[in-house]
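Visitor: Make a model of this:
(2 chains)
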Amino acid sequence: MEVSHCSGLAGSVKEYGIEFVLKIEVEKSGILSVGKSSYRSLPIDWGDLRSCSSRSYEFLPPLVSRSQLFAWFHMSIFEYNGSSLIAMVGKNCFAIASDRRLGVQLQTIATDFQRIYRIHDLLFLGLSGLATDAQTLYQRLVFRHKLYQLREERDMKPETFASLVSAILYEKRFGPYFCQPVIAGLGDEDKPFICTMDSIGAKELAKDFVVAGTASESLYGACEAMFKPEMEPEELFETVSQALLSSVDRDCLSGWGGHVFVVTPKGITERILKGRMD
Amino acid sequence: MECVFGLVGDGFAIIASDTSAVHSILVHKSNEDKVMILDSHKLMGASGEPGDRVQFTEYIQKNVALYQFRNGIPLTTAAAANFTRGELATALRKNPYFVNIILAGHDKDTEPSLYFIDYIATLHKVDKAAFGYGSYFALSIMDRHYHRGMSLEDAINLVDKCITEIRSRLVVAPPNFVIKIVDKNGAREYAWREFIKDAATGLPTT
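Guide: The predicted model follows:
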């Protein structure tokens, strides 16, 4: 099976999101195969984006290298590495949890990958999506936060940080970072704050929980069913863990356990979960 | 086609790679060294686009040396890995390098470490890693037989098991492999596993 040409990504506009199409042309056998998978973004009025989006992602390298064509699988760029994230609000506390798998399409590379980063003791950032962009974005955000700490001589509030992340993502509007961040922090008077945004920085504030990643649809269902308002830290930990594990068990691209942070004004509790190790 | 794999043992790290330089159906040479010795205590095994592989690894090697000249001390393995990732990430949205890298190093008075760096600049510290078609076999063999703190003999046996598996199960299996090791004494070539010598060496003398 010879591969003659691997085109990059092309975007096209759908009602509620962008379709990323990986096109692989096989010369010898004459098969033209086009795979589509749509990334369901938060509902946004895309308006007149067709002309912009069709050329904006062409400069990314073809994400399926010759050796990976062996698997004959078409994937959205957000599903290349596989990830799942939850953040949930409790009584003067919050929990943020992620899965631990790092994969390259269907192959698992590592089972101890960290997706949740500590910005400061009361602010955590989880980054789902393409791992390389998550690492780049994290480095840029930590840099900006350290500068802020030097200038203002204090830590950033979660709301401010969310606005910063949103601005940085929108800077790359026509060549975005393929990440969906989840931000969780304790604001003034120990009021928990959570938010998520899409890959170009559209903020979604929530009062109860936010989810992101390849298992996001399952996660929405599980969280909706298990969430109760004003949970204490221990009960919150149980809820988040059960929601995460039950959702990633149904998703082949995320899993291999869980990593949960429960943050209260008194301190941070970090726990590793052992679930279905696949 | 290109197989590079590596693992961490007790006080050492090994990187093995195939040594075929292939262009479509033609094998240019069977003794191409794809594991570069970055500096005295670092190894970088690379696979991918041939031109990018040579250019990029040489570029990293020279920059690692430059750091040592400027600052008088060598880079740590983690720093070298992050520098490599940074270069790949910066180039990613301009002129991407199609090179997958396994970086092994042993810093003074610390444990050896192995870093997996994808061609789209995903960096992760691992115990075992593999790239290429051979990774499908090598990773499975290593999942079965690898454990932390393997002795050198056990690790070489494991590498040989992987090479045997690749040779027997991969349809266009590379015939020759090179194994390099890095430990507290430095980075050096450990062994070659040659099954086909180059045609030039087998010519009759008249």
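Visitor: Need the nearest residue in space to A:Ser98, chain neighbours excluded.
Guide: A:Arg115 (4.1 Å; CB to CB, 6 or more residues apart in numbering or on different chains). C-beta: built from backbone N, CA, C; applies to glycine.
Visitor: show me what contacts that neighbour?
Guide: A:Ser83, A:Leu85, A:Ser98, A:Asp99, A:Gly126, A:Leu127, A:Ser128, A:Ala134, A:His259 (CB atoms under 8 Å, 6 or more residues apart in numbering or on different chains).
Visitor: Distance check, it against A:Trp256.
Guide: 12 Å (CB to CB, to the nearest Å).
Visitor: what is in contact with the two at once?
Guide: A:Asp99.
Visitor: Kindly report the residues of chain B close to chain A.
Guide: Residues of chain B lying close to chain A by CB under 8 Å from any CB of the partner chain are B:1-2, B:48, B:85, B:89, B:92-94, B:96, B:98, B:116, B:118-124, B:126, B:129, B:131-133, B:135-136, B:139.
Visitor: Contacts for the helix or strand B:Ala91 falls within next, please.
Guide: Take DSSP states H and E as the rule and B:Ala91 turns out to sit in helix B:77-92. By CB under 8 Å, 6+ apart, the list of residues contacting helix B:77-92 from outside reads A:60-61, A:132, A:135-136, B:38, B:41-42, B:44, B:56, B:59-60, B:63-64, B:75, B:96-97, B:99, B:101, B:103-107, B:113, B:115, B:117, B:119-121, B:123, B:125.
Visitor: From the contacts of A:Arg115, which land in strands?
Guide: If you go by DSSP state E, the contacts of A:Arg115 have A:Leu85, A:Ser98, A:Asp99, A:Gly126, A:Leu127, A:Ser128, A:His259 in strands.
Visitor: on that earlier part again, using neighbour counts, trim the contacts of helix B:77-92 to the buried set.
Guide: A:60-61, A:132, A:135-136, B:38, B:41-42, B:44, B:56, B:60, B:63-64, B:75, B:96-97, B:99, B:101, B:103-107, B:113, B:115, B:117, B:119-121, B:123, B:125 (16 or more other CB atoms under 10 Å in any protein chain shown).
Visitor: Domain-wise, how is chain A divided?
Guide: Domain segmentation of chain A under automatic domain parsing yields A:6-74, A:77-273.
Visitor: quick one: contacts for A:Phe178?
Guide: With CB under 8 Å, 6+ apart, A:Phe178 has these contacts: A:Ile77, A:Phe78, A:Gly129, A:Leu130, A:Asp133, A:Ser199.
Visitor: about what we covered before: most tightly surrounded among the domains of chain A?
Guide: domain A:77-273 (a mean of 20; mean count of other CB atoms under 10 Å in any protein chain shown).
Visitor: what are the ranges of the helices in chain B?
Guide: For chain B, applying DSSP state H gives helices covering B:50-71, B:77-92, B:135-145, B:152-169.
Visitor: Now tabulate those in CSV and tack on distance to A:Leu273 and mean pLDDT.
Guide: Listed next are the helices of chain B as CSV, based on distance: least, CB to CB, whole Å; pLDDT from 0 to 100:
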stretch, distance to A:Leu273, mean pLDDT
helix B:50-71, 37, 96
helix B:77-92, 27, 97
helix B:135-145, 21, 96
helix B:152-169, 30, 96
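Visitor: between these, which gets nearest to A:Asp155?
Guide: helix B:77-92 (25.0 Å; CB to CB).
Visitor: Check which residues of the closest one are buried.
Guide: Buried residues in helix B:77-92 (16+ other CB under 10 Å): B:Thr77, B:Ala78, B:Ala80, B:Ala81, B:Asn82, B:Thr84, B:Arg85, B:Glu87, B:Leu88, B:Ala89, B:Leu92.
Visitor: pLDDT score for A:Pro43?
Guide: Note for A:Pro43: predicted pLDDT of 37.
Visitor: same deal with B:Asp109?
Guide: So B:Asp109 comes in at 86 (pLDDT).
Visitor: Please name the bridge partners of residue 186.
Guide: Chain wasn't specified; assuming chain A. For A:Leu186, the beta-bridge partners under DSSP bridges are A:Pro192.
Visitor: could you do chain B instead?
Guide: B:Asp183.
Visitor: and if you look at A:Gly103?
Guide: Note on A:Gly103: beta-bridge partners by DSSP bridges are A:Thr108.
Visitor: quick one: contacts for it?
Guide: A:Asn81, A:Gly82, A:Ile109, A:Leu253.
Visitor: how about CSV for those, with pLDDT and distance to chain B added?
Guide: Shown next, in CSV, are these (pLDDT from 0 to 100; distance: CB to the nearest CB, whole Å):
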residue, pLDDT, distance to chain B
A:Asn81, 95, 7
A:Gly82, 94, 12
A:Ile109, 95, 6
A:Leu253, 95, 15
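Visitor: Of those residues, which is the nearest to A:Pro233?
Guide: Using CB to CB, the contacts of A:Gly103 come closest to A:Pro233 at A:Gly82, 28.6 Å.
Visitor: you'd agree that closest one is up against A:Arg100?
Guide: No. Applying CB atoms under 8 Å, one finds A:Gly82 not in contact with A:Arg100, separated by 10.5 Å.
Visitor: For A:Ile168, which non-adjacent residue is closest in space?
Guide: A:Arg140 (6.4 Å).
Visitor: The helix or strand the one you found falls within: what's the following helix or strand?
Guide: A:Arg140 is located in helix A:131-152, with elements delineated by DSSP H and E. Sequence-wise, the next helix or strand downstream of helix A:131-152 (DSSP H and E) is helix A:158-171.
Visitor: Direction-wise, compare that next one with helix A:131-152 and give the angle.
Guide: 130 degrees (axes from the mean of the first three to the mean of the last three CA atoms, to 10 degrees).
Visitor: elements contacting helix A:158-171?
Guide: For helix A:158-171, the packing partners by 3 or more CB pairs under 8 Å, 6 or more residues apart in numbering or on different chains; DSSP states H and E come out as strand A:123-129, helix A:131-152, strand A:179-186, strand A:192-197, strand A:203-206.
Visitor: Pull the residues that contact that helix.
Guide: Against helix A:158-171 from outside (CB under 8 Å, 6+ apart): A:119, A:122-123, A:125, A:137, A:140-141, A:144-145, A:156, A:176-177, A:179, A:181, A:183-187, A:193, A:195, A:197, A:199-203, A:205.
Visitor: what's across from the closest residue in space to B:Ala104 that isn't next to it in sequence in the sheet?
Guide: Nearest residue to B:Ala104, sequence neighbours excluded (CB to CB, 6+ apart): B:Ala13, at 3.8 Å. The residues listed as beta-bridge partners of B:Ala13 by DSSP bridges are B:Val8, B:Val182.
Visitor: OK, contacts around B:Ala104?
Guide: B:6, B:8, B:13-15, B:42-45, B:77, B:112-115, B:182.
Visitor: Show me which of the residues you listed is closest to A:Met226.
Guide: For those, the nearest to A:Met226 is B:Tyr115 (38.1 Å; CB to CB).
Visitor: Chain A versus B:Tyr67, what's the distance?
Guide: Counting by CB to the nearest CB, to the nearest Å, the separation of B:Tyr67 from chain A is 19 Å.
Visitor: Also B:His106?
Guide: 21 Å.
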